[in-house]
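Participant: Pasting the sequence and the predicted model now:
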Amino acid sequence: SQAILEVKNLESAFMIEGEEYNAVDGVSFQVQPGKVVGVVGESGCGKSVMSLSIMGLLPKGIGKVAGGEIIFDGKHLEQLPDQKMNKIRGKEISMIFQEPMTSLNPVFTIGYQLEEVLHNHFKISKEEATKKIIQLLDAVGISRPNKIIKDYPHQLSGGMRQRVMIAMAIACQPKLLIADEPTTALDVTVQAQILELLQDIQRKNDMSIIFITHDLGVVAESCHEVIVMYAGRIVEKASVERLFKGPKHPYTKLLMGAIPRLDETVDELETIEGIVPTLTKMPSVGCRFANRCPQAMKECVEVTPQLKEEESNHEVACLLYEASRPEEEVSR
Ligand code: SF4
Ligand code: MG
């Protein structure tokens, strides 16, 4: 089937002290209708920058899409003027973030904010809007919607706020939802409920989701396909079954060993030694994971690994695999 989103060779650049650096550096992937694609990596790997690029929300004057294509439902988003992008954002593509407090306005009631979303995209009466809002809150598992619409964000728990955000995000029945660490700030039980809710909504509406997380456990639960990012690049891409059955990239393998147990709240990714290189110190050639990779070889700092299919539906960017490929492919 036709992909709902196709990202081709995306480069997202940031200006730092007068120089341009790619926080996302040549990323390509597709999202099929009704599928959930997980994007995994540590903070600083470019996953949020990638989603802000798709949404057209990179900070003006600092960040920009510097190359590549973002094709959503046949439209080239990277070429759309702001005015047209505003119509797509929130209606055809919506986004939910880790901390709903930053996207909910503290001075307005929940009901007012949901009504705003509906009025921005539809011509509907006040009564119709109220009816729809009650339905939406009901759909996200809020048991007393008539009370909640009169509440202000600070009167709700974290889990309730995230449910409200999801209600807002699905108000216009988007074809694509980008969820950036939507459960990270919540406690484990609430996390599980929110994940279940998202899956339920996804199935009912046949919506596609890009699920951004640092938690591979969450990916296993809720995604069809997985993209593993490191330092602005995709290092591995596979169906969820293949990735968990046989991770190939050393970084993914380390992440797998670091899946937190459900009763642990610490960020287990910190147990991988070293840090992601900062944007301004990114090596121009070689593998960006080389300084942390337990399997690094001499050529890893000299040759840049390319993302290539190793098995059907399983791609990896690592010289360990290129070595077993024919000579002429290695030199490309
Ligand atoms: Fe490790 Fe080399 Fe593979 Fe990079 S290319 S992940 S450094 S083995
Ligand atoms: Mg992030």
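Facilitator: Thanks, I have it. Numbers count the residues shown, from 1 in each chain. Ligands and ions are numbered 1, 2, ... in the order given.
Participant: Tell me how far stretch 199-216 lies from the chain's centre.
Facilitator: 10 Å (CA atoms, centre = their mean, to the nearest Å).
Participant: Tell me which residues of that stretch come out buried.
Facilitator: Of all the residues in stretch 199-216, those buried under the rule 16 or more other CB atoms under 10 Å are 201-202, 207-216. The C-beta positions use only the backbone N, C-alpha and C, and glycine is treated the same way.
Participant: same check, this time on stretch 128-140
Facilitator: The neighbour-count check on stretch 128-140 (16+ other CB under 10 Å) flags 129-130, 132-134, 136-137, 139-140 as buried.
Participant: what stretches of the stretch 101-250 of the chain score poorly on pLDDT?
Facilitator: Within the stretch 101-250 of the chain, the segments meeting pLDDT under 70 span 101-102.
Participant: Just want the most central residue of the protein.
Facilitator: The centroid of the chain falls nearest to Ile212 when counting by CA atoms, centre = their mean (3.1 Å).
Participant: I'd like the distance between it and ligand 1.
Facilitator: 22 Å (CB to the nearest ligand atom, to the nearest Å).
Participant: what's across from that residue in the sheet?
Facilitator: Beta-bridge pairing for Ile212 (DSSP bridges): Val39, Asp180.
Participant: Please look at it and Ala179 and confirm they touch.
Facilitator: Yes - Ile212 lies in contact with Ala179 (CB atoms under 8 Å); the separation is 6.6 Å.
Participant: still on that earlier bit, out of the buried residues of stretch 199-216, which is nearest to ligand 1?
Facilitator: Leu216 (17.2 Å; CB to the nearest ligand atom).
Participant: Relative to ligand 1, how far out is Gly74?
Facilitator: Distance from Gly74 to ligand 1, by CB to the nearest ligand atom: 36 Å.
Participant: Run a quick neighbour tally on that residue.
Facilitator: Other residues within reach of Gly74 by the criterion other CB atoms under 10 Å amount to 8.
Participant: Now do it, the pLDDT please.
Facilitator: pLDDT, Gly74: 95.
Participant: Quick one: the strands in the stretch 101-250 of the chain, in order.
Facilitator: 176-180, 208-213, 225-230, 233-239 (DSSP state E, counting those that start in this stretch).
Participant: Tabulate the buried residues of stretch 128-140 (TSV), appending distance to Val316.
Facilitator: Putting those into TSV (distance: CB to CB, whole Å) gives the following:
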residue	distance to Val316
Ala129	49
Thr130	51
Lys132	46
Ile133	46
Ile134	48
Leu136	41
Leu137	43
Ala139	39
Val140	37
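Participant: In helices, which of these appear?
Facilitator: Taking DSSP state H as the definition of helices, those contribute 129-130, 132-134, 136-137, 139.
Participant: Could you dump these into CSV and include distance to Gln306?
Facilitator: Formatted as CSV, these follow (distance: CB to CB, whole Å):
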residue, distance to Gln306
Ala129, 51
Thr130, 54
Lys132, 48
Ile133, 49
Ile134, 52
Leu136, 45
Leu137, 47
Ala139, 44
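Participant: These into a markdown table, with extra columns for distance to ligand 1?
Facilitator: A markdown table is the format used below for these (distance: CB to the nearest ligand atom, whole Å):
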| residue | distance to ligand 1 |
| --- | --- |
| Ala129 | 52 |
| Thr130 | 55 |
| Lys132 | 49 |
| Ile133 | 49 |
| Ile134 | 51 |
| Leu136 | 45 |
| Leu137 | 46 |
| Ala139 | 43 |
